[in-house]
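> fold the following.
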Amino acid sequence: MADQDSRMAFDPHTFRQPDFSVSIFIAGLTDQLIADAKNPSSSLDPQPFLQLFETTVDQLLPLRRQVASQTTSIEKAVAASERAYSLKVRELKDNFTAVSGSFGNLEKRISEVGSTAIRIGEQLESIDRLRKRASDARDVIQYYHDFSRGDTSRLDAMRKSGREGRAQAAVLIRRLSSVAREIEDIEGGEKTCDAIEKYCEAFEKEVLKLFDRYYRKGDPKMMAHCARTLLDFNGGLSCIQIYVNQHDFFISKDRIQDIGAITQSEMWDTLPDPNAPAPSAEPGLDDLYQEIRLTVTQEAQIIRAVFPDPPAVMQVFLQRVFAQVIQPFGEQLITTASMTSTLAFLRMLHFVHSRTIALVEDLKSNDFFKTTTDAASRYAITASGQTSDAAALTAPGTTALAAMLDQAVEEVFVQHLEGARYLDRESKSLTELYAGYLLRFANYHLSTHKTKTTNTLFDKLVSQMTAAAQSAHIGGHATTEEDQAMPDSPQQGSGEPIRGAKTLLKLSSLTNNFGTGSKTHSLEHFSPVEGELRLDVAETILKWHSEALGRMVELSPPAEVPKNALALMKVLAENIGRAYVETSLSTISTQVSDHESKMMPDLTHLSTLHTIDLILHLWQRYLAVAILPLAGGSVTVRREMASFQTHVGMRIEGKINEVLAHLIDGVVSWLAQMLSSKQKKSDFKPKNDDVAFSRVNTEPCIACTDYLALVLETTRGTLSGKNCETVLTEIGVSFHSLLLDHFKRYVVSAAGGLMLTKDLALYQDSIAAFGISTLSDRFDMLRQLGNVFIVRPEILKSYLSEGHLARIEPNLLRAYLTQRSDYSDFPQKTWNDIVGAEIADTTVGGFGRRIGERLNFDFKISDLSFSSLDQSSAFSRSKVFA
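Numbers count the residues shown, from 1 in each chain. Next comes the predicted model:
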């Protein structure tokens, strides 16, 4: 059994197994011996192991020699195979090189043969062209000779032989005509040329007649044959003209309607009303443009099937549509609107323009325009029927048709948009609207200035409005000098009364007087309410302006938008700024400056200033959001806008400062009036101490503090921020100076000093309600100053060295000490020891000037600065207008 296992173990195949392990191999040899050695009854005998291993080694050595011999044989075989492989590779490489060389020689020979064939082909083509040219020349000479003899039978036979013959005849006749004109000077050439020309005319008429016949029958194949024939004959212009001229779209009906029929729509009733929305639909125009869309879609299919050059035909067709249909109808709408008012004219112009642009965009989206071939670039046909280079009409990335459509739109509206015509109309419209809207406001303020000159802006506006009303009533229509100066200004017929003046007078609430023969002086009776500033009026002014701004953006060339936006900005500033806000400020300034100092000032003017503040704030936000973005990348226009509006803002702020200065003077004068008229000498030197102690405060103190509370409530209710603080500070400082001057006039006893301190405490409490620290310090000092009337002389010097009084020169207080009732009870040396020797400027007025000077007042519009307009804005102009 052991021998069998050994033989199995020494099989060479065993050693080739991938899982062969030496330890397992040895374990397999010695398993039995190890098992026998584990018998506890006997000791380990190494002899069997030695014998086993010696036998195994003897068997493995021959096996190793056998394997080595096999390895040597295999290595020799591999080396022989490698040598044979290398030899084979070299042979294949040599063969490949030989084949490549043969292929290169073959390719070279083929190229030589090809070049020879090409040269032969070119020579054959040249010979064929010469042959064909000679053949054509022979035919032309023969047919010319026939014409010279008056024989046209052969040409007639060709012409009548069918489509192909007619096409050949067209080419031949064209060549004959060209040759005849060149050799007209030879003998008999003129007669032959005339004959050929007559034949050309007859041939063209015949083909045109055929085209017209098949056009009426609706046979596109024969129409295409005739169109191709005429294209080869003379360019096909006559064929295109017949097709376009006889189209049902142009001859089916008359699209120019009566004015009465046009104005049947409800849109016309609200068109001149600036408070009504701009028109969004006009039945006649909408129906016409929809018909054009359908017609172009249908004609595109027909033109593509019939004509060899569809873009040229479509171009002529669309030019006729714009010139014969769109422009007359649009002009009729615009002219009719111009009979109503300038605003109606502008609204209708913008409406027709926007609808026309939408129509053009729809036409460009048609498949015909997207699939236009290179034929569009070969030539274009102008409105006069002449061919021209389409490259001049075709911008990069567009077709000649698209460029023609853009040009057609421009030509339709050029008489209204050329130069400064449109902007002048827009400015005129805004001026008319604002004049009518603010007429009663202006007349009220004019009536408040009885002695002023009558050469102001609103004097002229009142005259214009009154003249317009009278002209509309008496003459039926009015023509201003500006309209006469504008060649495109529509004039109204005598049978249609103008509605523009009525509309403007309606805006100014003067409709009831329109046409009644009322005199102009009847407009002078107005309610003060009509002269008040209102925020809703400013909103309406800005709303109308934003509509005009939106029209301007769409109707102006992009390069002109910044400049035009600046012009409309100035129109707005002239009306909302000068005509509305500054007019009110001028009236208020006159009223407050003429106010009598002995009368209580009218604090309701502060509410007007509050309204002005809101209006100017709204105006500035409108400029930043709506107008400034329109400056775009024009740094010059942006800077000019900022500079202009800053100048306007400074001018208005200056007038507001003037009004506030007058109001503050009035408040201070009224406080001074109450102090001087109500303060009694016995208030601070009572004869009866019991009566004095029974009173809490003196009458002028109560009156002044009550009035200060009213001023505080009114100021805080109308002004805000720094403006409110500055006004209150100005009043507080001035009142402080008044009190300093006031107390030096009254002798104060010990009991009166107590009353004085009560008054000063109430003054201090009233001013403390202002919430301004600088005023609190001033009146705290004033209260301490009041104590100098009641402090005993022996401690007075110590008292003057404390608190606010320590910062004041002692000799400035002498005027107050002299008003003590016990001043004469002490020697002059005592007072000199307290306040020093008397010097020149000891008046209370000098003291007031040193510690109570008026502040420099500067009103700011809602704490905003117009210079902020010189910054970039992130708003988009296409979203500004609603």
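
> what count of nearby residues applies to S527?
Here the neighbour count serves as a burial measure; for S527 (other Cβ atoms under 10 Å) it reads 9. The C-beta positions use only the backbone N, C-alpha and C, and glycine is treated the same way.

> so where is the stretch 101-250 of the chain shaky, pLDDT-wise?
For the stretch 101-250 of the chain, applying pLDDT under 70 flags the ranges 184-185, 188.

> swap in the stretch 651-800 of the chain?
Low-confidence segments of the stretch 651-800 of the chain, defined by pLDDT under 70: 688-695.

> for the one helix or strand L728 maps to, packing partners?
Take DSSP states H and E as the rule and L728 turns out to sit in helix 721-742. Counting contacts by 3 or more Cβ pairs under 8 Å, 6 or more residues apart in numbering; DSSP states H and E, the secondary-structure elements packed against helix 721-742 are helix 635-678, helix 699-718, helix 750-768, helix 773-786, helix 844-851.

> the fourth one versus helix 750-768: what angle between them?
Okay, so that is helix 773-786. Compare the direction of helix 773-786 with that of helix 750-768 by axes from the mean of the first three to the mean of the last three Cα atoms, to 10 degrees and you get 180 degrees.

> give the buried residues for helix 773-786.
Of the residues in helix 773-786, those buried by neighbour count under the rule 16 or more other Cβ atoms under 10 Å are 775, 778-786.

> cool, and the second one?
Of the residues in helix 699-718, those scored as buried under the neighbour-count criterion (16+ other Cβ under 10 Å) are 700-705, 707-708, 711-712, 714-716, 718.

> quick one: the strands in this protein?
380-381, 387-388 (DSSP state E).

> out of the buried residues of helix 699-718, which is nearest to D536?
Closest to D536 out of those is T718 (18.0 Å), distances taken as Cβ to Cβ.

> which one's the longest helix in this protein?
helix 47-148 (DSSP state H).

> what distance do you get for M600 to L708?
Counting by Cβ to Cβ, to the nearest Å, the gap from M600 to L708 is 13 Å.

> pull the distance from stretch 416-433 to the chain's centre.
20 Å (Cα atoms, centre = their mean, to the nearest Å).

> please apply the same query to stretch 143-154.
What separates the centre of stretch 143-154 from the centre of its chain is 72 Å, taken as Cα atoms, centre = their mean.

> what's the domain layout of the chain?
With domains defined by automatic domain parsing, the chain comprises 153-238, 247-409, 419-528, 673-863.

> next, format those as a markdown table and append distance to V625.
Formatted as a markdown table, the domains of the chain follow (distance: least, Cβ to Cβ, whole Å):
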| stretch | distance to V625 |
| --- | --- |
| domain 153-238 | 54 |
| domain 247-409 | 20 |
| domain 419-528 | 19 |
| domain 673-863 | 15 |
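
> looking at these, which is nearest to T30?
Distances from T30 to each of these were compared using Cβ to Cβ; the shortest belongs to domain 247-409, at 95.5 Å.

> show me what contacts L542?
Listed by Cβ atoms under 8 Å, 6 or more residues apart in numbering, the contact partners of L542 are 572, 576, 618-619, 622.

> please indicate which of the residues you listed are buried?
572, 576, 618-619, 622.

> and the residues you listed, which two are furthest apart?
Every pair in the buried ones among the contacts of L542 was compared (Cβ to Cβ); the two farthest apart turn out to be L572 and L618, at 11.9 Å.

> okay, buried residues for stretch 735-749 please.
Neighbour-count burial for stretch 735-749 flags 735-744, 746, 748-749 (criterion: 16+ other Cβ under 10 Å).

> not including adjacent chain positions, what is the nearest residue to V791?
For V791, the nearest residue in space outside its immediate sequence neighbours is Y799; the separation is 5.0 Å by Cβ to Cβ, 6 or more residues apart in numbering.

> sorry, that was for H545
Distance criterion Cβ to Cβ, 6+ apart; nearest residue to H545, sequence neighbours excluded, is L572 at 5.0 Å.

> quick one: that neighbour from W544, how far?
L572 is 9 Å from W544, where distance means Cβ to Cβ.

> so what's L318 up against?
L318 sits next to 296, 363, 401, 404-405, 408 when contact means Cβ under 8 Å, 6+ apart.

> looking at those, which is nearest R90?
Looking at the contacts of L318 and their distance to R90, the nearest is L401, at 71.7 Å (Cβ to Cβ).

> so that closest one sits right up against Q315, yeah?
Yes: applying Cβ atoms under 8 Å as the test, L401 and Q315 come out as touching, 5.8 Å apart.

> list the buried ones in stretch 307-322?
Along stretch 307-322, the positions that meet the burial threshold by neighbour count (16+ other Cβ under 10 Å) are 307, 309-322.

> the helices in the stretch 301-450 of the chain, which residues?
310-321, 327-338, 342-364, 367-370, 400-417, 421-437, 439-447 (DSSP state H, counting those that start in this stretch).

> just to revisit the earlier point, of all the contacts of L542, which comes closest to T431?
When the contacts of L542 are ranked by distance to T431 (Cβ to Cβ), L572 comes first, at 10.6 Å.

> tell me the contacts of the closest one?
Contacts for L572 were tallied using Cβ under 8 Å, 6+ apart; they are 430, 541-542, 545, 619.

> okay, those residues in CSV with distance to G753 and pLDDT next?
Written out in CSV, the entries for those read as follows (distance: Cβ to Cβ, whole Å; pLDDT from 0 to 100):
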residue, distance to G753, pLDDT
L430, 68, 93
I541, 60, 94
L542, 61, 95
H545, 65, 95
W619, 55, 94
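
> now render the residues you listed as TSV, adding distance to A559.
Written out in TSV, the entries for those read as follows (distance: Cβ to Cβ, whole Å):
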residue	distance to A559
L430	23
I541	28
L542	26
H545	22
W619	27
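
> out of those, which are inside helices?
Checked against DSSP H, the contacts of L572 include these in helices: 430, 541-542, 545, 619.

> circling back: just checking, what packs against the longest helix of the chain?
helix 2-9, helix 12-16, helix 22-37, helix 153-159, helix 163-182, helix 189-217.

> Q301 is nearest to which of the ones you listed?
Nearest to Q301 among the helices and strands packed on helix 47-148 is helix 189-217 (14.9 Å), distances taken as Cβ to Cβ.

> and F233, how many residues sit next to it?
23.

> residue contacts, it?
Contact analysis of F233 by Cβ under 8 Å, 6+ apart lists 170-171, 173-174, 200, 203-204, 207.

> nearest to Y434, of the residues you listed?
Each of those was scored against Y434 by Cβ to Cβ, and E204 proved nearest at 63.7 Å.

> surely the closest one touches N234?
Yes: contact status for E204 versus N234: in contact at 6.8 Å, counting by Cβ under 8 Å.

> need the nearest residue in space to E725, chain neighbours excluded.
Nearest-residue entry for E725: I772, 6.3 Å, with adjacent residues in sequence omitted and distances by Cβ to Cβ, 6+ apart.

> roughly how far does that neighbour sit from A77?
As judged by Cβ to Cβ, I772 and A77 stand 118 Å apart.

> which of the two has more residues huddled nearby?
Neighbours per residue (other Cβ under 10 Å) separate I772 from A77, with I772 holding more: 18 against 10.

> so who does that one touch?
For I772, the set of contacting residues under the criterion of Cβ under 8 Å, 6+ apart consists of 725, 728-729, 732.
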